[in-house]
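Asker: Provide a 3D model corresponding to the input given below.
(one chain, ligands or ions: 2)
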Amino acid sequence: MKQSRLIGRTLREVPKDAQTAAHALMLRAGFIQQLSAGVYIYLPLLHRTLHKISQIIREEMNAAGGVELLMPALQPRELWEETKRWERYTAVDGIMFAFKDRRGATACLGPTHEEVITDILRREIKSYKDLPRCAYQIQTKFRDEIRPRFGLMRAREFIMKDAYSFDADEAGLDASYEAMRQAYHRICQRLGFQYRAVEADSGAIGGSGSQEFMVLADTGEDTILFCDQCDYAANQEKAQSKLAEFPQDAELQPMQAVLGEGLIGVDKLAKFLNIPVWKTTKTMLYEADDQLVAVMVRGDCGVNEVKVTNHLGCKALRLINAEKIKELTGAEVGYAGPIGLPPSVRLIADHYVKGRVNFECGANQTNYHNINVNFGRDLPEPEFGDFKLAKDGHGCPRCAGRLKAARGIEVGHIFKLGTKYSEAMNCSYVDTEGKPHPVIMGCYGIGVSRMAAACVEQSHDDKGIVWQPQVAPFHLHLVALNLEDAVVAQQAEQIYQRLQQEGLDVLFDDRPLRAGEKFGDADLIGLPVRLTISKRTLEQGKVEFKLRREPKAEVITLDEAVAKTRSVCGLAGR
Ligand code: ATP
Ligand code: MG
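Answerer: Numbers count the residues shown, from 1 in each chain. Ligands and ions are numbered 1, 2, ... in the order given. So this is what the prediction gives:
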């Protein structure tokens, strides 16, 4: 492609609203433009990269037994009523774009496609002989995200690859899931990602298995934890951990309320009370749908709200506000405790709250803290469960190792769905005896446009993007200088033709600009190879060859440059 024909200007200024390198560079290098909040134009350079990423995904999906189709983005409300998800996606989460059409029917722009694919397959599948099946598509999805940000990372319109598997039994689902898991690893490897596959939360439903593929990046929105000794790795929402436990007092001390004014933070509190931090307790008050819940965790831990939500099986979990806290506890924020709460409050506590003798907790009286509290004597034992937030430095749940934290970008998510959708929508098959069973499903998503942003986030320098050859919009940037000279212009055109005949994707900078500007743009756009031709190189019968990822250039023949470029880009020799 001739750069004079390209759409998407490069920008010298760093856009103000861009908080991540990928967002800033994609705007500056002319890959994206914003149309409205969280809605982006995919300019020609990005479009080519998306095509290459999609192609890699497609090859791996096909190899794993997937068949490609394309479902409508426009979906009727009725299907979502069958699975009872309409209410949740519109009124509760508000993530769905929904509207009435001119006939008065309600429709939405698909945020995901479980309903549509299940509708298709329930007509397709009759007996066990029709299974397994796996279908996928690469398509635009719409989600009215509360906080669209970081450009393509969290957009309101984005490209997703979504696949769905259909099996007769659990063993079949396991095999489908495993094939997808391996395909996801191959895709991440082919894209050159530094990444980790981590255990993920599968919510109150499903539950039998879920993994996320996380590209490691400091700007990632997710926190992952992984063991420094074994292969345990999980999203923080899902992660379990072991805490150090301490020898307990031999005797119960009398419970006492101690005045301690304005002690914010457990460290200060523990110091003031002259007790170890692990004896302190945090009691957090929540509204779980229409129920009130108090959650106790050890003072040195936070509450994992996803675990609490799953335990309660509620739709929405919200911390209650200061006013309501006062109404319930009679105290200002910061002094809530389990003793003396109204009976309407359900009390649950993390396992590590349990074995302690003489512990501390808020006294439900402003500025007061109870010390030497003991279950059984001062309050009944609550419901125990795993409710704490695992974090860096905690013990691995599987071995004697320590957990380390890192930030990640979720580029893919694989999920065993079970029969949630097939039961709700009556997608079933009959077995060899003619007995009907619901089909067992899995779903497997990849954020295609998010992956492009993740590539840039992981591979750039202070001059611009450094594309990996397999996803770069073009293999090489042909930068021609001295084009005002008719002989140079003609030779440049010939070289451009020749490079294309050699099977290379070429971006030909044929613009009448100064060398400095052209090189600046070439670094910003970041194609793997830059070939510069000028009056001087052409007189020597040579070209200047430079890799984007290396500082040095060399002057070599065109034939050598072709061979090197093909090799760098992983194309077979000719
Ligand atoms: P997230 O937790 O990031 O909101 P999700 O768990 O809701 O994502 P899925 O429904 O699992 O996402 O979608 C599959 C994939 O689509 C995700 O792994 C992610 O890569 C991508 N994706 C999801 N939401 C967005 C978005 N708003 N913009 C870009 N990509 C997205
Ligand atoms: Mg997800």
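Asker: Give me the three-state assignment for the spatially closest residue to Asp222 that is not a sequence neighbour.
Answerer: Nearest residue to Asp222 in three dimensions, chain neighbours excluded: Gly408, at 4.8 Å (Cβ to Cβ, 6 or more residues apart in numbering). From N, CA and C alone the C-beta is placed, and that goes for glycine too. Look at Gly408: counting by DSSP: H, G, I helix; E, B strand; the rest coil, its state is strand.
Asker: So Gly408 is in contact with Gly220, correct?
Answerer: Yes - the pair Gly408 / Gly220 is scored as a contact, 4.3 Å apart, by Cβ atoms under 8 Å.
Asker: So which bits of this protein are right by ligand 1?
Answerer: 112, 143, 145, 154-155, 158, 160, 410-413, 445, 447, 449-450 (Cβ under 6 Å from any ligand atom).
Asker: And those residues, which two are furthest apart?
Answerer: Glu145 and Gly412 (18.2 Å; Cβ to Cβ).
Asker: Which one of those two is surrounded by more residues?
Answerer: More neighbours surround Gly412 than the other of Glu145 and Gly412, with 28 against 16 (other Cβ atoms under 10 Å).
Asker: host element of that one?
Answerer: Gly412 belongs to strand 403-418 when assigned by DSSP states H and E.
Asker: Show me what the mean pLDDT comes to for that strand.
Answerer: Average pLDDT, strand 403-418: 97.
Asker: Packing partners of that strand?
Answerer: Where contact means 3 or more Cβ pairs under 8 Å, 6 or more residues apart in numbering; DSSP states H and E, strand 403-418 is packed against helix 170-190, strand 195-199, strand 210-216, strand 222-227, strand 440-447, helix 448-458.
Asker: Tell me which of those sits nearest to Asp559.
Answerer: So among the helices and strands packed on strand 403-418, helix 170-190 is nearest, using Cβ to Cβ, at 29.0 Å.
Asker: In the stretch 151-300 of the chain, which residue sits closest to ligand 1?
Answerer: Across the stretch 151-300 of the chain, no residue is closer to ligand 1 than Phe158, which sits at 3.7 Å (Cβ to the nearest ligand atom).
Asker: Looking at the residue nearest to that residue when sequence neighbours are not counted now. What's its pLDDT?
Answerer: Spatial nearest neighbour of Phe158, chain neighbours left out: Ser449 (4.7 Å); criterion: Cβ to Cβ, 6+ apart. Ser449 carries a pLDDT score of 98 in this model.
Asker: ok, Ser449 - contacts?
Answerer: 40, 42, 50, 152, 155, 158-159 (Cβ atoms under 8 Å, 6 or more residues apart in numbering).
Asker: do the same with Asn358
Answerer: 248-249, 252-253, 279, 371-374.
Asker: Of the residues you listed, grab the buried ones for PyMOL.
Answerer: Filtering the contacts of Asn358 down to the buried ones (16 or more other Cβ atoms under 10 Å) takes a single PyMOL command:
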select buried, resi 279+371+372+373+374
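Asker: Which two among the contacts of Asn358 are spaced furthest apart?
Answerer: Across those, the longest distance by Cβ to Cβ is 14.7 Å; it joins Gln248 and Ile371.
Asker: Show me the contact partners of the helix or strand where Gly520 lies.
Answerer: For Gly520, the host element (DSSP H and E) is helix 515-525. By Cβ under 8 Å, 6+ apart, the residues outside helix 515-525 that reach it are 10, 25, 28-30, 45, 463-465, 473, 477, 479, 481, 507, 509, 511, 530, 534, 548.
Asker: 7 Å - rerun?
Answerer: With Cβ atoms under 7 Å, 6 or more residues apart in numbering as the test, helix 515-525 has contacts from 10, 28-29, 45, 463-465, 477, 479, 481, 509, 530.
Asker: Okay, and which of these map to strands?
Answerer: Counting by DSSP state E, the part of the contacts of helix 515-525 found in strands is 464-465, 477, 479, 509, 530.
Asker: Now render those as JSON lines, adding distance to Gln139.
Answerer: What follows is these, written out as JSON lines (distance: Cβ to Cβ, whole Å):
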{"residue": "Gly464", "distance to Gln139": "30"}
{"residue": "Ile465", "distance to Gln139": "26"}
{"residue": "His477", "distance to Gln139": "31"}
{"residue": "Val479", "distance to Gln139": "37"}
{"residue": "Asp509", "distance to Gln139": "34"}
{"residue": "Arg530", "distance to Gln139": "35"}
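Asker: now, which of those sits nearest ligand 1?
Answerer: When the ones in strands among the contacts of helix 515-525 are compared against ligand 1 (criterion: Cβ to the nearest ligand atom), the nearest one is Ile465, at 18.8 Å.
Asker: Test my guess that the closest one contacts Leu27.
Answerer: No - under the criterion of Cβ atoms under 7 Å, Ile465 is not in contact with Leu27, lying 11.4 Å apart.
Asker: which of these two has more neighbours?
Answerer: When Ile465 and Leu27 are compared for neighbours, Ile465 comes out ahead with 27 against 22, by other Cβ under 10 Å.
Asker: nearest spatial neighbour of the more buried one, skipping sequence neighbours?
Answerer: Nearest non-adjacent residue to Ile465 (Cβ to Cβ, 6+ apart): Gly526, at 3.3 Å.
Asker: dump the residue contacts of that neighbour.
Answerer: 464-467, 548.
Asker: Most neighbours out of these, which is it?
Answerer: That'd be Ile465 among the contacts of Gly526, by other Cβ under 10 Å, with 27 neighbours.
Asker: list the contacts for that one?
Answerer: Contacts of Ile465 by Cβ under 7 Å, 6+ apart are 25, 29, 456, 525-526.
Asker: List only buried entries from those residues.
Answerer: When these are checked against 16+ other Cβ under 10 Å, the ones flagged as buried are 25, 29, 456, 525-526.
Asker: Just name the closest of the residues you listed to ligand 1, please.
Answerer: The closest of the buried ones among the contacts of Ile465, once distances to ligand 1 are taken by Cβ to the nearest ligand atom, is Val456, at 14.0 Å.
Asker: ok, for Asp431, nearest residue in space, not its chain neighbours?
Answerer: Tyr128 (5.4 Å).
Asker: Could you report the neighbour count for that neighbour?
Answerer: 16.
Asker: Pass me the low-pLDDT residue ranges in the protein, would you?
Answerer: 203-208, 574 (pLDDT under 70).
Asker: domain parsing for it?
Answerer: 3-239+405-456, 256-385, 476-568 (automatic domain parsing).
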